[in-house]
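Trainee: I need the structure of the sequence given here:
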Amino acid sequence: MNKILTLFCFLLLIGCTEDNSNNKHHKKTASGNKKTSPDAARKMQFGKFIKKFKPLSLPLTIKTLDIQSTSGLRKITDKDTLFINSGYPDETWAYGMLPDTSGNIQLVWLSPAEIYTPVLTTFTKGGQKISEKHLSVGGCGSDCCFTCDEYIYIRKDRSIYSADSIKSCICDESGPKKNTTRKYVRFMTGKIGEDGRISMTGVQEKNIK
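Mentor: Next comes the predicted model:
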């Protein structure tokens, strides 16, 4: 009788050990099969991306000729082109993030050209692009007697005013021609809506004395 009882207990112990081993193997296999979803991976990458942007305050004034030094700014990488359109990621820089809103994220970055030009891009909290606009009116140049002074203003109500005060003239081989000097302003206005959409007018010109 004792031998039968001992044999029964031994078989029961082996069965429990095998069950525990199978359960551990099943849990390990199930855990190993878990993969990060595309949405989760995008959100993780977006979190890394927005950390490159320093916080900005409103009202904001950007003088484009003063931001050519990228000291203190972080570079946009190939991975970041998932979120912004830049053909030259090695020369593109994260400028800053506008104060947070309840529904979207608003970033300013620098696109390479003759001079760096600010671009505004808005996103949902999950990293989906809402809207994107270049903020510079693009009036600066290097012709004879040409001077420019461009400013971009973003006010507390998220309205935008971009203007370039320009002086130019007609030149020939001997230099500027008399009475051809012109002073004018190139400008455009815009607004960031509560939904994150950016509306901008076309570039306009106005003569100044």
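Trainee: Show me what Ser168 is bridged to.
Mentor: Here Ser168 sits in beta bridges with Arg182, going by DSSP bridges.
Trainee: what's the spacing between it and Lys79?
Mentor: 42 Å (Cβ to Cβ, to the nearest Å). (Glycine included, C-beta is placed from N, CA and C.)
Trainee: thought Thr121 was touching His134?
Mentor: No - counting by Cβ atoms under 8 Å, Thr121 stays clear of His134, with 10.2 Å between them.
Trainee: So the two - more neighbours on which side?
Mentor: Between Thr121 and His134, counted using other Cβ atoms under 10 Å, the more crowded position is Thr121 (19 against 15).
Trainee: Pull out the buried positions in the helix or strand where Ser199 lies.
Mentor: Assigned by DSSP states H and E, Ser199 falls within strand 198-200. For strand 198-200, burial by neighbour count (16 or more other Cβ atoms under 10 Å) applies to 198, 200.
Trainee: residue contacts, Ile62?
Mentor: Neighbouring residues of Ile62 by Cβ atoms under 8 Å, 6 or more residues apart in numbering: 108, 118, 135, 151-154.
Trainee: So which of those residues is the closest to Ala40?
Mentor: For these, the minimum distance to Ala40 (Cβ to Cβ) is 27.1 Å, reached by Val108.
Trainee: Return the set of buried residues in stretch 56-64.
Mentor: Judged by neighbour count using 16+ other Cβ under 10 Å, the buried positions of stretch 56-64 are 56, 60, 62, 64.
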